[in-house]
Structures are given as C-alpha cells and as structure tokens.
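J.: Kindly return the folded structure for what I paste below:
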Amino acid sequence: MHAMIGVHDLLATGSGMIVGLVLGLIGGGGSLLAVPLLIYGVGVASPHVAIGTSAIAVAVSALGNLVAHGRAGHVKWPCAVTFAGAGILGALVGSSAAKALDGQKLLVLFGLVMLVVGGLMLRGRGSEGNPAVRLSRRTAWHMLPPLVSIGFGVGLLSGFFGIGGGFLIVPGLMLATGMPLVYAIGTSLVAVTAFGTATALNYAASGMIDWRLAAAFVVGGIAGGLIGVSLGEALAARKQVLGIVFACVVIVTGLYVVARGVMVLA
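T.: Down below sits the predicted model:
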C-alpha cells in the first residue's frame, strides 16, 4: 500500500513539474494538462476529484510564478485585482454548475475546450500594446466595464473546467486594457491564482479534492515553474516555436480526452 502511495505521489509530482514548467515557460496553458495528467497519468478515478485537485495545484503554481513576475514589475495591480475580483464570482458559479454535471460528460466538454484552445494557440497572439496603461480614476470609465465583464466570463469558464484559464485571461486582459503581452502574462497570474482558489474551495466544500496528491502536484509545480522561468529567459527567441509545439500537444491530448470520454459514455 505504501509503495502504491509512493508511486502516485511521484507521478503527481512529475505531473506538477510539467504544468509548472509550461506555465513558467509560455505564460499560460499548463493548467490544461493538469486534469488529463491526474486522470490518465496519476490514476485519479473521478473527473470531479481531478478537477478539484488540479484547481488548488494550479492556483499555488500560479502564485509561485506571480512572485517572479511581480519582482520583474510585470504586474498591473489595479487591473489585476479588478479582473480577478469579477472572475472569482464567475469561478464560483462555473464550478457549482460543473459539480452538478456527470463527470464523463464534463470530461468530454473539457477535451473539446482543449481542441478549441489549441487551435487558438496556433493562431498566435500579438505582443503590441501600451506599456503605460493603468487603471486610475481618470481611465476607470472606459476600462472598468470590459475588465469586469471579460473577467466574469473568463472566471466562469475557468471555474467550470477547473483550469487556470491563462490562455483566456491573457488575451482578455489585452482586449480589456490594451496592455502589451509581457504585462498581460504577469497580470494574468493574479487571476489564475484567484480563480483556482475559488474553484478549489468550492470543490473542497463537497469533499472533491485529494489533498495528498494536490500537495505532491504543488511541489512539482513550484519546481517546474522556477525551471520554466529560467528556461523562458534563455529561449526567449524561440518562444513562438515553443508555443506552436505546445499547441499541438494540447490538440492531441484533447483528441485523446474526447475519444476516451465518448468510449466510456457509449
């Protein structure tokens, strides 16, 4: 029994490292792999427990990455707090809806989202924007409505699927504020942390979190994140190629998740 627990702990730590590495390296998307890794890699039987466990792990991984980005001055705090505040409400609504849905059906929907996101990632995203943009009394009238509405919508999806939603938050922040990509990535980590925490608390209230696996996943995620940030600086010129490779991984994983889910439901 102890050996089995040890193997599961190691698998969860390794899975966490993969997610943290991607988060640190590309600045989003890593949480998409957390649920499939927990189900097919670690062996978590319930999709709901996998989603609840991944939510807390992703939140802590994002918090670790946020420290590095915060020190680098890449976080627009007023925008981050506003966006995250609206999104927390969305995450609670979304996660409550997901808990009421059949686990296998939820997994098929999750796989379909992976396919859509993988396709969007292949299209790439621009990095232009205004580095001086900031939320203040003077700019609030035109910045608050998109920040709150887009924040709520992204939080809703993030909570429903138990994913960080960085791949939605980053373009959402750029759309709402006009900030450049580097600031959107740093700022998005505040929302990823907040949404993951809100979702995890909702699942925890229903006993749908494996705390031991979550802890192992978090340890791996922090280590992977530190490696990812360092590698990201070294491979800055190849980030576009890395993004394309990761998008392909997301699409292939999505196809696998949908196929497995449909076979179970059939």
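J.: for the longest helix seen in the chain, the distance to its chain's centre please.
T.: In the chain, assigned by DSSP state H, the helix with the most residues is helix 239-265. Its chain's C-alpha centre and that of helix 239-265 lie 15 Å apart, by C-alpha atoms, centre = their mean, to the nearest Å.
J.: Also stretch 179-195?
T.: 11 Å.
J.: so is the residue most central in space within the chain in a helix, a strand, or just coil?
T.: Centroid-nearest residue in the chain, with C-alpha atoms, centre = their mean: residue 164, separated by 2.1 Å. Here residue 164 is recorded as coil under DSSP: H, G, I helix; E, B strand; the rest coil.
J.: which SSE is the spatially closest residue to residue 9 that is not a sequence neighbour in?
T.: Leaving aside its sequence neighbours, residue 9 sits nearest to residue 216 (C-beta to C-beta, 6 or more residues apart in numbering; 4.5 Å). Where C-beta positions appear, they are placed from N, C-alpha and C, glycine not excepted. Using DSSP states H and E, the element containing residue 216 is helix 211-234.
J.: Show the average pLDDT along that helix.
T.: Confidence for helix 211-234, expressed as mean pLDDT, is 87.
J.: Stretch 31-46 too?
T.: pLDDT averaged over stretch 31-46 gives 92.
J.: For it, list every residue counted as buried.
T.: Residues 31, 32, 33, 34, 35, 36, 37, 38, 39, 42, 44 are the ones in stretch 31-46 that count as buried (16 or more other C-beta atoms under 10 Å).
J.: Contacts only, for the third one.
T.: Put plainly, it is residue 33. 15, 18, 19, 22, 249, 250, 253 (C-beta atoms under 8 Å, 6 or more residues apart in numbering).
J.: cool, and the second one?
T.: Residue 32 makes contact with 114, 117, 163, 167, 250, 253 under the criterion C-beta under 8 Å, 6+ apart.
J.: Now do the contacts for the second one.
T.: By C-beta under 8 Å, 6+ apart, residue 117 lies in contact with 29, 32, 167, 168, 250, 254.
J.: wait, doesn't residue 11 sit right on residue 39?
T.: No. Using C-beta atoms under 8 Å, residue 11 makes no contact with residue 39, being 11.5 Å away.
J.: and residue 207, helix, strand or coil?
T.: coil.
J.: what about it, neighbour count?
T.: Counted by other C-beta atoms under 10 Å, the residues lying close to residue 207 total 9.
J.: how close does it get to residue 216?
T.: Distance, residue 207 to residue 216, by C-beta to C-beta, to the nearest Å: 19 Å.
J.: and what of residue 258?
T.: 27 Å.
J.: Compare these two (neighbour count), which wins?
T.: residue 216 (24 against 18).
J.: if we can go back for a sec, what mean pLDDT does the longest helix of the chain get?
T.: Helix 239-265 comes out at a mean pLDDT of 87.
J.: Just want the angle from it to helix 211-234.
T.: Helix 239-265 and helix 211-234 are oriented at 150 degrees to each other (axes from the mean of the first three to the mean of the last three C-alpha atoms, to 10 degrees).
J.: buried sites along stretch 171-191?
T.: 171-174, 176-177, 179-191.
J.: As a check, name the ranges of all helices in the stretch 51-200 of the chain.
T.: Here the stretch 51-200 of the chain has its helices, by DSSP state H, counting those that start in this stretch, at 77-99, 103-123, 140-161, 166-177, 181-205.
J.: Flag every buried residue along the helix or strand bottoming out on mean pLDDT in the chain.
T.: Here the helix or strand of the chain ranked lowest by mean pLDDT, DSSP states H and E is helix 2-26, holding a mean of 81. With burial defined by 16+ other C-beta under 10 Å, the residues of helix 2-26 counted as buried are 8-9, 11-26.
J.: centre of the chain versus whichever helix or strand comes after that helix, how much separation?
T.: Per DSSP H and E, the first helix or strand lying C-terminal to helix 2-26 is helix 31-36. Computed by C-alpha atoms, centre = their mean, the chain-centroid distance of helix 31-36 equals 8 Å.
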